[in-house]
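Enquirer: please find the sequence and the predicted model below.
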Amino acid sequence: MEQLREAQMRFPYATSTLDKRAPSNHLHRMQSKNPMIADFVKLANSAAGTLAGMGREARDAARERAKETFGGMDFVSREEFDAVKMMASKAREEAEDLKARVAALEAKTK
């Protein structure tokens, strides 16, 4: 028991959760007594938030610029491309069939 009291005296903010004298707000124990460190932490937190916001804005601006750039071009959707590709394939097959029929008819006439 004496060791617990000694530890509480040496580390007043490292109290047990069972200790009724511990402050109810756990953040109170984590705050620094040095105002310079506290100000630095606040500055770092606000800088991180600002950088995150700038990153989101840059991403959104780039996305919008890409939409404007590519929006004026005549691109087709994947479904339209696949449909035209199938039509071209079918046309090639029909052309091959017609070539074979023409060759057979020419062979008969000779």
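Expert: Nice, thanks for sending it over. The structure displayed is predicted, hence computed values, not measured ones.
Enquirer: what's the longest helix in the protein?
Expert: Using DSSP state H, we find that the single longest helix of the chain is helix 35-71.
Enquirer: next helix or strand past that one?
Expert: The first helix or strand that comes after helix 35-71 along the chain, using DSSP states H and E, is helix 78-109.
Enquirer: model confidence over that next one, on average?
Expert: Per-residue pLDDT values over helix 78-109 give a mean of 95.
Enquirer: stretch 35-54 now?
Expert: 89.
Enquirer: ok, residue 97 - contacts?
Expert: Contacts for residue 97 (C-beta atoms under 8 Å, 6 or more residues apart in numbering) come out as none. In short, each C-beta sits where N, CA and C put it, glycine included.
Enquirer: so it versus residue 91, what's the distance?
Expert: 11 Å (C-beta to C-beta, to the nearest Å).
Enquirer: residue ranges of each domain in the chain, please.
Expert: Domain assignment for the chain by automatic domain parsing gives 1-31, 32-75, 76-110.
Enquirer: how many other residues sit next to residue 106?
Expert: Residues near residue 106, counting by other C-beta atoms under 10 Å, number 9.
Enquirer: how far away is it from residue 100?
Expert: 11 Å.
Enquirer: got it, and residue 93?
Expert: Residue 93 is 11 Å from residue 100, by C-beta to C-beta.
Enquirer: now do residue 73
Expert: Distance, residue 73 to residue 100, using C-beta to C-beta: 41 Å.
Enquirer: these two - which one has more neighbours?
Expert: Using other C-beta under 10 Å as the criterion, residue 73 and residue 100 rank with residue 100 on top: 10 against 6.
Enquirer: show me the contacts for that one.
Expert: Contacts for residue 100 (C-beta under 8 Å, 6+ apart) come out as none.
Enquirer: how near is it to residue 86?
Expert: 22 Å.
Enquirer: with residue 39 instead?
Expert: Per C-beta to C-beta, residue 39 is found 67 Å from residue 86.
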